[in-house]
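*Asks:* Have a look; sequence and predicted model below, questions after that.
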Amino acid sequence: MRAEYDLSKMKSRRNPFAAKLKKPVSMRLSEDVLAYFKGMAQESGVPYQSLINLYLRDCVLKHRKVQIAWPSGKS
């Protein structure tokens with residue numbers, strides 16, 4: 001095996017699986033939620049969108065369900 005290889009003449013090609021890895025979405029987030037993840041991102045050096053994805057992935061793996069308690073409006 002060579003110590004060094006000349007890759008300057010090598011042709012690049014697209015990864016056929018790259019498009020299947022993540023899907024771009026648009027979503028509305030509360031300012032405080034966004035600030036929370038951006039703060040964590042700054043502390044950890046990880047992009048905030050990646051942190052949100054990691055958190056959601058953790059929810060999926062642990063089968064977490066959202067528990068919403070709406071105010072009944074009755075006093």
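*Replies:* Cool, the structure landed.
*Asks:* what sits up against whichever strand or helix holds residue 32?
*Replies:* Of the helices and strands defined by DSSP states H and E, residue 32 is found in helix 31-44. Contacts of helix 31-44 with the rest of the structure, by Cβ atoms under 8 Å, 6 or more residues apart in numbering, involve 47, 48, 50, 51, 52, 55. The C-beta positions use only the backbone N, C-alpha and C, and glycine is treated the same way.
*Asks:* For the helix or strand just after that helix, which outside residues touch it?
*Replies:* Using DSSP H and E, the next helix or strand after helix 31-44 towards the C-terminus is helix 48-61. Applying Cβ under 8 Å, 6+ apart, the set of residues contacting helix 48-61 from outside is 22, 34, 37, 38, 40, 41, 44, 46, 64.
*Asks:* most neighbours, which of the residues you listed?
*Replies:* residue 37 (18 neighbours; other Cβ atoms under 10 Å).
*Asks:* quick one: it and residue 16, what's the gap?
*Replies:* Separation of residue 37 from residue 16 (Cβ to Cβ, to the nearest Å): 31 Å.
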